[in-house]
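# Just to be clear, the model below is a prediction. Sequence and coordinates:
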Amino acid sequence: MRLSRLGGNDRDRSAEGFWPQGERRPYGQITGWKPVLRIRQVTMDWKDFFRKIFLIDLIKGLRLTFSYQRPDAIYTEQYPLERPPVAERYRGAPRLNNHPESGETLCIACNLCSIACPENLIVVGWARTEDRKKRLTTFTYDLSRCMFCGLCEDACPVDALELTQDFEIANYTREGMIWDRQALEEGPQPARYTR
Amino acid sequence: MQETTFLDANELVINMGPQHPATHGVLRVKLKLDGERVLGTECIIGYLHRGVEKIAENRTYAQFAPYVDRMDYVAAVTNGMGYVEAVEKLLGVEIPPRAQYTRMILAELQRIASHLLWLGTHALDIGAMTPVFYTFREREEVLKIFEEYCGARLTTHAFRIGGLQYDLYDGFERDVKKFCDYFPPKVDEYEQLLTKNRIWIDRTRKIGVITAEDAIALGVTGPVLRGSGVKWDIRKAQPYEAYDKVEFDVPVGEHGDTYDRYVVRMAEMRQSIRIIRQCVERIAPGPIFGKVGKVLKPPAGEVYHSIEAPKGELGYYVVSDGTVNPYRVRVRPPSLINLQALDIMSRDHLVADIVAIIGTLDIVLGEVDR
């Protein structure tokens, strides 16, 4: 016996292939549903009764839910506790590199990064030594205007200026976003939380 | 839109936006209503105007490249590709095949990412909550490839004038191939959720119909034009990069309604995967930079170059006066031109359908206002 959908309107929506062919399930063949005066009345046999008291359907549903609880299926990152791994080429906070052994700055004060920058946010200060060589004195980088395009790091001929993988560069003041040479050499110092 | 008369009880003018979440940004639409029925619409734009074209006049050619990523910020790679190709055309530079295929792979990945964002938000606007979670999961995979390649996820600045700044990272081909295998079953998943969904069909069929004649007359491009049955794709009509060397189909719709545009975009995602697969096979070792100098000084002249961005024809008109700065850069944004079809599409629909129509046009306000 073919029944209309109970409690809804009687438009036959299964006519035009609404359900895929293999999954077509006319209502009324599922269990013993019987319409009496448009009121749902359920007659249960002993199978349905056991299904109900042992919560079989609930367990089936929860099994699907918990199948997504595998550690490799979890997408959430517990951010302040775990930091997401960023790519090697990530363009984050700028850093002015020092020579790893001597500790002297690699910057030769050529001013190419300042010229390359679309926003003109880099100011390089230099002085001449006795033998007329350029020596870096100050280096100012206005992070509040930076869009991290990477043109300054491309322009640098000695790999002194580099956009690093540090991404925690928020600051409470606008003045704090303007980094001087010391801040650029040390890098950002974000608060680290532990569990 | 006609002027309303004072004390006309049947007509009501209300605002939608600019803070309405379904207007995809800061679009303000003035609706002229008769009850729930829309008599006409008027778009008020400019809330996100940043003067990108004017900025170009004070920057060198290379310096302007990061700014174009900020126009259509969900498809930054194709934006950058259009600009660098326009300047390359002006300079008369040939770029090596390795760079060409890399650009094509990234551009097609960006098309997929843009369509995924469109699908998720469009379905969310209409009331289907589920797809947005799935589409953002897959979009994340694309963005991871971008991050590994060029160091940024959204505003990528991936290409430079004359070629590529970055060579492919180790494992790029593996990642892309993995994505090509991973992605098509996910499209089936979206289609399972929506394509035969009765509510989805009721909300999209015969909604926002635009005929092919109207679409051509309004200059509408991209999936909106193809949804009306016009087979026009810049990748086929005026091939750039190496699109004439790869095989792909241009899916077209039939009725020009919201549902057909949905079908076209779903088919386009599959075609993009097909293009990516061919490009990955052909990518070969070689140089990644063409013959360009350190200082870009194109000869005086002008050039118009357009590409098929995810949203339609994205054109750049660059005028050079022989100095290092462009004299004028004019952008032909697909979103702005497609938005002009909103009025014709929304006549005689209900207010709730305006949301569906704005969604199906796939506008990005950063590009509309520039």
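Thanks, I have the structure now. Being a predicted model, the structure only gives us computed values, none of them experimental.

# For the chain, which segments count as strands?
I'll assume chain A. Under the criterion DSSP state E, chain A contains strands at A:33-36, A:39-42, A:94-96, A:122-128, A:134-142, A:161-163, A:178-179.

# please go with chain B instead
In chain B, strands defined by DSSP E lie at B:12-16, B:28-34, B:37-44, B:159-160, B:163-164, B:301-309, B:312-320, B:326-332, listed in chain order.

# Any chance of JSON lines for those, columns distance to chain A and mean pLDDT?
All C-beta spots, glycine's among them, are computed from the backbone N, C-alpha and C. Converted to JSON lines, these look like this (distance: least, Cβ to the nearest Cβ, whole Å; pLDDT from 0 to 100):
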{"stretch": "strand B:12-16", "distance to chain A": "31", "mean pLDDT": "86"}
{"stretch": "strand B:28-34", "distance to chain A": "27", "mean pLDDT": "87"}
{"stretch": "strand B:37-44", "distance to chain A": "24", "mean pLDDT": "87"}
{"stretch": "strand B:159-160", "distance to chain A": "8", "mean pLDDT": "88"}
{"stretch": "strand B:163-164", "distance to chain A": "12", "mean pLDDT": "84"}
{"stretch": "strand B:301-309", "distance to chain A": "20", "mean pLDDT": "91"}
{"stretch": "strand B:312-320", "distance to chain A": "17", "mean pLDDT": "91"}
{"stretch": "strand B:326-332", "distance to chain A": "13", "mean pLDDT": "91"}
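
# any idea which of the strands of chain A is most buried?
Burial of the strands of chain A is given as mean neighbour count (mean count of other Cβ atoms under 10 Å in any protein chain shown); strand A:94-96 ranks first at a mean of 23.

# Poorly predicted segments of chain A, please.
Counting by pLDDT under 70, chain A has low-confidence residues at A:1-43, A:193-195.

# could you check whether the helix ranked longest in chain B is close to chain A?
Longest helix in chain B, counting residues (DSSP state H): helix B:97-126. No: applying Cβ under 8 Å from any Cβ of the partner chain, one finds helix B:97-126 out of contact with chain A, separated by at least 13.8 Å.

# How far off centre is that helix?
For helix B:97-126, the distance between its averaged C-alpha position and the chain's averaged C-alpha position is 8 Å (Cα atoms, centre = their mean, to the nearest Å).

# Can you spell out which helices and strands pack onto it?
Contact partners of helix B:97-126 among helices and strands, from 3 or more Cβ pairs under 8 Å, 6 or more residues apart in numbering or on different chains; DSSP states H and E: helix B:76-91, helix B:130-150, strand B:163-164, helix B:172-194, helix B:198-204, helix B:258-282, helix B:351-361.

# Name the residues of the second one that come out as buried.
If I follow you right, that is helix B:130-150. B:131-132, B:134-136, B:138-139, B:141-143, B:145-150 (16 or more other Cβ atoms under 10 Å in any protein chain shown).

# tell me the mean pLDDT for it?
Predicted confidence along helix B:130-150 averages 89 (mean pLDDT).

# Kindly report the same for the fourth one.
The average pLDDT within helix B:172-194 is 88.

# and it, what does it pack onto?
Judged by 3+ Cβ pairs under 8 Å, 6+ apart, helix B:172-194 is in contact with helix B:97-126, helix B:130-150, helix B:258-282.

# circling back to that earlier point, what's the closest of the strands of chain B to B:Thr204?
Nearest to B:Thr204 among the strands of chain B is strand B:37-44 (16.7 Å), distances taken as Cβ to Cβ.

# Isn't B:Lys236 up against B:Asp249?
No: with contact taken as Cβ atoms under 8 Å, B:Lys236 and B:Asp249 are classed as non-touching, separated by 9.4 Å.

# Next, format the helices and strands packed on helix B:172-194 as TSV and append distance to B:Val295.
TSV is the format used below for those (distance: least, Cβ to Cβ, whole Å):
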stretch	distance to B:Val295
helix B:97-126	20
helix B:130-150	23
helix B:258-282	32
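
# Tell me which of those sits most buried.
Burial among the helices and strands packed on helix B:172-194, expressed as mean neighbours by mean count of other Cβ under 10 Å, is greatest for helix B:97-126, which shows a mean of 24.

# need the residues of chain A near chain B, please.
Taking Cβ under 8 Å from any Cβ as the contact definition, chain A meets chain B at A:13, A:17-18, A:20, A:75, A:86-91, A:116-118, A:147-151, A:154, A:163.

# Report how many residues lie close to B:Arg28.
By the other Cβ atoms under 10 Å in any protein chain shown criterion, the neighbourhood of B:Arg28 contains 17 residues.

# try B:Gly171
One way to gauge burial is a neighbour count; for B:Gly171, by other Cβ under 10 Å, it gives 10.

# Good, wrapping up.
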